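Engineer: How does the following fold in three dimensions:
(one chain, ligands or ions: 1)
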Amino acid sequence: MTVASPVIDVRGLNKSFGALHAVHDFGITVERGRICGFLGPNGAGKTTTLRLLCGLLTPDSGEGEVLGYNVMSQSELIKRRVGYMTQKFSLYDDLSIEQNLIFTSRVHELDRRAARVEAALERLGLVKRRRQLAGTLSGGWKQRLALAAATLHEPELLLLDEPTAGVDPEARRTFWDEIHALSDEGMTVLVSTHYMDEAERCHEIAYIAGGRTLARGTADQVIDESGLTTFLAEGPNVGRLIPRLRNHAGVEMATVFGTTLHVSGRDRAALEEAIAPLSQAPIVWTETRPTLEDVFIQLTADLQREAD
Ligand SMILES: Nc1ncnc2c1ncn2[C@@H]1O[C@H](COP(=O)(O)OP(=O)(O)OP(=O)(O)O)[C@@H](O)[C@H]1O
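Structural biologist: As a prediction, this is how the structure comes out:
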């Protein structure tokens with residue numbers, strides 16, 4: 001692999017479990033040092049896609065390379081060069097932080113074990129807690145320990161499956177600072193998440209639903225390409241407008257966010273027609289840039305309509 005080659009360059013990946021086609025024609029190119037976020041509803045196929053890319057599952061069909069190795073035939077070589085953090089905490093509750101890291105380094109038969117463990121403890125701010133049992137750590141610290149374990153062998157590609165699910169905002173921010181620090185050093189990161197703020201912290205995102213990639217690009221590109229227009233209503237009890245909007249042609253989504261109502265659709269004229277009769281004081285309407293969440297709700301609704 002030359003320096004300029006993408007770390008991931010795959011096309012047409014498919015994976016079925018019996019009759020369930022979990023991943024349809026998945027393709028992606030990710031350059032070195034990029035953080036790529038996978039978003040999508042539960043059961044969309046994000047975990048399966050991550051597993052296809054790190055060599056834990058072999059695609060039924062497809063082609064391409066991960067870290068310069070053939071994704072169909074060299075999964076063993078890929079597996080050894082990636083770090084994978086699963087959804088479940090998979091370390092030992094009854095071992096200390098340090099013992100867990102030593103154990104992981106032995107399982108992977110790493111060289112320079114003591115130095116690697118020490119560096120990981122320092123990097124993730126775990127030195128003071130090194131003797132604390134993993135089972136007694138809070139969610140955020142557990143995730144940092146899991147990240148330390150997943151990066152101990154200095155992988156070139158890191159796959160994180162919902163790494164911050166259930167972790168408080170402060171710990172999530174610290175975790176993301178660490179992901180960005182790794183990326184700045186050249187680590188390529190694929191991360192699945194349900195959090196919109198995390199999607200915005202990725203260099204690029206892929207939105208997956210029903211096993212298909214429905215949108216791909218930077219957050220701005222995904223918003224621009226959605227073709228959505230969004231109006232925002234502010235005023236007392238804006239939620240009461242929803243029943244009058246939902247069945248109106250042109251209104252594809254009407255959802256309350258806090259004290260504001262977001263109304264979106266792709267047909268601007270029809271949307272303006274829908275809100276016109278509701279534009280009376282004290283309700284104030286303004287046009288706003290659609291958020292990623294607006295776009296994702298829209299994409300999932302499209303898929304649902306197709307399925308019905
Ligand atoms: N080993 C397996 N055997 C059978 N079905 C599976 C297997 N792994 C995943 N599936 C199914 O494939 C589909 C995609 O699952 P996957 O875990 O990839 O989705 P996901 O997007 O990661 O979901 P979540 O956000 O809930 O983690 C689901 O319907 C799931 O039940």
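Engineer: How about the contacts made by C36?
Structural biologist: I28, V30, T188, V189, L190, V191, C202, H203, E204, I205, A206 (CB atoms under 8 Å, 6 or more residues apart in numbering). (Each C-beta comes from the backbone N, C-alpha and C, glycine too.)
Engineer: What lies in contact with the host helix or strand of the first one?
Structural biologist: What that stands for is I28. If you go by DSSP states H and E, I28 is part of strand 20-30. For strand 20-30, contacts defined as CB under 8 Å, 6+ apart pick out 6-16, 36, 45, 48-49, 52, 59, 62, 64, 188, 190, 204, 206, 210-213, 216.
Engineer: strand partners of that strand, parallel vs antiparallel please.
Structural biologist: Taking DSSP bridges as the criterion, strand 20-30 sits next to strand 8-17 (antiparallel) in its sheet.
Engineer: For the strand it pairs with, buried residues please.
Structural biologist: For strand 8-17, the neighbour count (16 or more other CB atoms under 10 Å) marks I8, D9, V10, L13, N14, K15 as buried.
Engineer: Now the first one: closest residue in space that isn't a chain neighbour?
Structural biologist: What sits nearest to I8 in space, not counting adjacent residues and going by CB to CB, 6 or more residues apart in numbering, is V30, at 4.2 Å.
Engineer: distance of that neighbour from the ligand?
Structural biologist: V30 is 18 Å from the ligand, where distance means CB to the nearest ligand atom, to the nearest Å.
Engineer: How many neighbouring residues does that residue have?
Structural biologist: Neighbourhood size, V30 [other CB atoms under 10 Å]: 22.
Engineer: R112 too?
Structural biologist: Neighbourhood size, R112 [other CB under 10 Å]: 10.
Engineer: Same check on A134?
Structural biologist: Neighbour tally, A134, other CB under 10 Å: 23.
Engineer: ok, now which ones touch it?
Structural biologist: Per CB under 8 Å, 6+ apart, neighbours of A134: F89, L91, Y92, D93, D94, L95, S96, I97, N100, K142, L145.
Engineer: Select from those residues the one having the most neighbours.
Structural biologist: Neighbour max across the contacts of A134 (other CB under 10 Å) = I97, 28 neighbours.
Engineer: for the closest residue to F89 other than its chain neighbours, helix, strand, or coil?
Structural biologist: With sequence-adjacent residues excluded and distances taken as CB to CB, 6+ apart, F89 is closest to K142, at 5.2 Å. For K142, the secondary-structure state derived from DSSP: H, G, I helix; E, B strand; the rest coil is helix.
Engineer: same question, I208
Structural biologist: strand.
Engineer: Could you report the pLDDT at it?
Structural biologist: For I208, the pLDDT comes out at 94.
Engineer: Do I have it right that it meets R216?
Structural biologist: No. The criterion here is CB atoms under 8 Å, and I208 misses it with R216 at 9.4 Å.
Engineer: Following the strand holding I28 in sequence, what is the next regular element?
Structural biologist: Per DSSP H and E, the helix or strand that comes after strand 20-30 is strand 35-39.
Engineer: Measure how far that next one is from the centre of its chain, please.
Structural biologist: Distance of strand 35-39 from the chain centroid (CA atoms, centre = their mean, to the nearest Å) equals 4 Å.
Engineer: Can you tell me the strand partners of that strand and which way each runs?
Structural biologist: Strand 35-39 sits in its sheet next to strand 188-192 (parallel), strand 204-209 (parallel), going by DSSP bridges.
Engineer: Output those as CSV; include the columns distance to the ligand.
Structural biologist: Compiled in CSV, the strands paired with strand 35-39 are given as follows (distance: least, CB to the nearest ligand atom, whole Å):
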stretch, distance to the ligand
strand 188-192, 6
strand 204-209, 7
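Engineer: With respect to burial, which of these scores highest?
Structural biologist: Mean neighbour count, computed with mean count of other CB atoms under 10 Å, is highest for strand 188-192 among the strands paired with strand 35-39, reaching a mean of 25.
Engineer: just for the stretch 1-150 of the chain, where's the confidence low?
Structural biologist: Within the stretch 1-150 of the chain, the stretches with pLDDT under 70 are 1-4.
Engineer: ok, 90 please
Structural biologist: Where the stretch 1-150 of the chain drops to pLDDT under 90, the residues are 1-5, 80, 86-91, 108, 139-140.
Engineer: That one: helices as residue ranges?
Structural biologist: 46-53, 75-81, 97-107, 113-123, 139-151 (DSSP state H, counting those that start in this stretch).
Engineer: For the ligand, which of those is the nearest?
Structural biologist: Proximity to the ligand, assessed across the helices of the stretch 1-150 of the chain by CB to the nearest ligand atom, is greatest for helix 46-53 (3.2 Å).
Engineer: Is that closest one positioned near the ligand?
Structural biologist: Yes. On the criterion CB under 6 Å from any ligand atom, helix 46-53 is in touch with the ligand at K46, T47, T48.
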